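In: Just to be clear, the model below is a prediction. Sequence and coordinates:
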Amino acid sequence: MAAPAFSAALQRITQQRGDGEKVLVFAPLVVVRPGGAGRRRKDSPGVSVRLISRPIRTGHRRSVIDPGGDAHPRERAMPFPLFFTDQEIAMKNGRSLVNLAYELERQLHSKKDLIVPSTLMRHVTDDLGATGLVINEGGDPAHYGVTPLARRQLADKLKIPFAYFERMREEQPGLLDSNVNTWLQKEEERRMLRTLDGQVRAVLSDRYRRLDNFDLAESVLPILQQLPEVRIESVELTDTKMYLKCITPRLTYEMAPGDVVQAGVVISNSEVGQGTLSVQPLLFRLVCSNGLIAIDRALRKTHVGRALCTEEDGIQIYQDDTLRADDKAFFLKVRDVVQAAVSEATFRQTAQKMQKTLNIPLVGDPVKTVEVLAQRYTLNDNERTGVLRHLISAGQLSGYGLVNAVTHYSQEVEDYDRATEFEALGGRLIDLPAHEWKGLAEAA
């Protein structure tokens, strides 16, 4: 029996204007200036502000789900009226959509972004190797932990080889701090520091354009709801990306007798500089619940914009109505691309590419074929062994069998980001030119 529809409680901070109308505001951007306190926009409640000249309004209704499972209507929130079924889902799973909704809401109130001159940062490392950044916010130093990703990004920004950075962190923390702080003081760059739960999670350029997961989900989920018979197959929010993977069984294609695929779409985004916001077609194979992410017809929006500050009078927020207009126009484009990704023409074209691999026999040594694959696409020994196991056990020694061995193995990969890379690798394989397939098929 299908579970009931639901709406998740995703509340934003509200403000009341002079005319009595309530408006919603977003995640904070704090600007740090030499000798001054961190500054928020005047329209900020101290929790949530976005890089726009004024708050965005929304009129959606929502329901709050209490611990007992009862829904209570409330005004103004992101709708999540999508259905789940209790059928087994073998595609790599992350979290439930309800869980995603609550985590996005939690993060909305816990994250803060800062634009900081490098000279106002100080790096500290304790005896156990835990690193932190102390930000001088107007004479009131604020201490933030640093995530492993942010450590890598900081090392890259300062041109310190990461292996050496990590060796100093583990063996000579004082030397690490001396190195990092020396280069921070010599730099004249401003950086965007993205924080969550008191941790610096990303060290980025001040030109980094924030396209946040909450805003994306709020814009995209109503679009997905309009797809015929849509089913949310898999969602996840990792340390680096958010994923929404949806299937619409309205469109099917038979690869071979009894071997049917359905149309779908994958929407992903990174808030921490680990990828673009993208919309890509998905093929879902029913016989084994594999997902294959096609690489063509993808929308990609890079997180790059104008600098968010000027040289005059310390640091200023770059306030421009075009940011708001760009977001609105972009999310309209997302709607169009989502619809195109699950159109019959796109689906048929992608399915036919996959079907053609049935006619590519693996005439060489299957072990060597997978070794060549591993070398080309940097698979480790466990991954290589897993793909080979699926190829042999399926008994289909063809390009099609290899593609499905790759996507089927993704279900075993513990890391969701890496599992999604295997689904995308399947899409890369169906796009290979004949001469590259030849190298795989004839490996001996």
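Out: Yep, it's here. Only a predicted model underlies this, so the values are computations on that prediction, with no experimental measurement involved.
In: how deep is Gly401 tucked in, by neighbour count?
Out: As a burial measure, Gly401 scores 22 neighbours (other CB atoms under 10 Å). (Glycine included, C-beta is placed from N, CA and C.)
In: 862 is where my numbering starts, stick with that
Out: Understood, numbering begins at 862; the last thing we discussed is Gly1262.
In: That one contacts Leu1252, doesn't it?
Out: Yes - Gly1262 lies in contact with Leu1252 (CB atoms under 8 Å); the separation is 5.8 Å.
In: for the stretch 862-1011 of the chain, which spans come out with low pLDDT?
Out: Within the stretch 862-1011 of the chain, the ranges that satisfy pLDDT under 70 run 862-951.
In: ok, 90 please
Out: Where the stretch 862-1011 of the chain drops to pLDDT under 90, the residues are 862-958, 969-970, 973-974, 997-1002.
In: The stretch 1012-1161 of the chain too?
Out: Along the stretch 1012-1161 of the chain, segments meeting pLDDT under 90 span 1048-1050, 1067-1073, 1075-1091, 1110-1111, 1136-1140, 1147-1161.
In: Longest strand of the chain, counting residues only.
Out: Taking DSSP state E as the criterion, the chain has its longest strand at strand 1103-1117.
In: Now do the helix or strand following that one and strand 1103-1117, the angle between them.
Out: Remark: after strand 1103-1117, the chain's next helix or strand is strand 1120-1130, criterion DSSP states H and E. With axes from the mean of the first three to the mean of the last three CA atoms, to 10 degrees applied, the angle from strand 1120-1130 to strand 1103-1117 works out at 160 degrees.
In: Let me see the contact set for the residue most central in space within the chain.
Out: Nearest to the mean C-alpha position of the chain, counting by CA atoms, centre = their mean, stands Lys1102 at 2.4 Å. If you count contacts by CB atoms under 8 Å, 6 or more residues apart in numbering, Lys1102 has them with 1129-1131, 1135-1136, 1278.
In: Please repeat the previous calculation with a cut-off of 6 Å.
Out: For Lys1102, the contact set (CB atoms under 6 Å, 6 or more residues apart in numbering) comprises 1129, 1131.
In: Equivalent analysis for the one 10 residues further on, please.
Out: When contacts are counted by CB under 6 Å, 6+ apart, Leu1112 touches 1124, 1205, 1208.
In: Mind checking which of those residues are buried?
Out: 1124, 1208 (16 or more other CB atoms under 10 Å).
In: Mind putting the contacts of Leu1112 into TSV with distance to Leu1144?
Out: Below are those laid out as TSV (distance: CB to CB, whole Å):
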residue	distance to Leu1144
Ala1124	7
Glu1205	14
Phe1208	8
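In: picking that back up, could you pull out the buried residues of the longest strand of the chain?
Out: By neighbour count with 16+ other CB under 10 Å, strand 1103-1117 contains the buried residues 1103-1109, 1112, 1114, 1116.
In: Now for the residues you listed: which two are most distant?
Out: Met1103 and Met1116 (30.4 Å; CB to CB).
In: show me where the stretch 1062-1211 of the chain has helices.
Out: 1074-1086, 1182-1202, 1205-1217 (DSSP state H, counting those that start in this stretch).
In: Packed most tightly, which of the ones you listed would that be?
Out: Of all the helices of the stretch 1062-1211 of the chain, helix 1074-1086 has the most neighbours on average by mean count of other CB atoms under 10 Å, namely a mean of 20.
In: on contacts alone, who are the packing partners of that one?
Out: Under the contact criterion of 3 or more CB pairs under 6 Å, 6 or more residues apart in numbering; DSSP states H and E, helix 1074-1086 touches helix 958-971, strand 1120-1130, helix 1182-1202.
In: For Gly1059, find the nearest of these.
Out: Per CB to CB, nearest to Gly1059 of the helices and strands packed on helix 1074-1086: helix 958-971, 8.2 Å.
In: quick one, what contacts His1269?
Out: Contacts of His1269 by CB under 6 Å, 6+ apart are 1149, 1151, 1251.
In: ok, of those, which come out buried?
Out: 1151, 1251.
In: Export the contacts of His1269 as a markdown table, with columns for distance to Thr1268.
Out: Output for the contacts of His1269, formatted as a markdown table (distance: CB to CB, whole Å):
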| residue | distance to Thr1268 |
| --- | --- |
| Cys1149 | 9 |
| Asn1151 | 4 |
| His1251 | 9 |
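In: close enough to count as contact, Pro978 and Glu1049?
Out: No - with contacts counted by CB atoms under 6 Å, Pro978 stays clear of Glu1049, the gap being 7.6 Å.
In: Which of the two has more residues huddled nearby?
Out: Pro978 (20 against 7).
In: now Lys1106, nearest residue through space, not along the chain?
Out: Closest residue in space to Lys1106, ignoring its immediate chain neighbours: Ser1095 at 4.3 Å, by CB to CB, 6 or more residues apart in numbering.
In: The one you found: how many residues sit nearby?
Out: 24.
In: separation between Leu1219 and Leu1263?
Out: 11 Å (CB to CB, to the nearest Å).
In: out of these two, which sits in the busier spot?
Out: Leu1263 (28 against 16).
In: I'd like the next helix or strand past the helix or strand where the more buried one lies.
Out: Leu1263 belongs to helix 1260-1270 when assigned by DSSP H and E. Downstream of helix 1260-1270, the next assigned helix or strand under DSSP H and E is helix 1277-1291.
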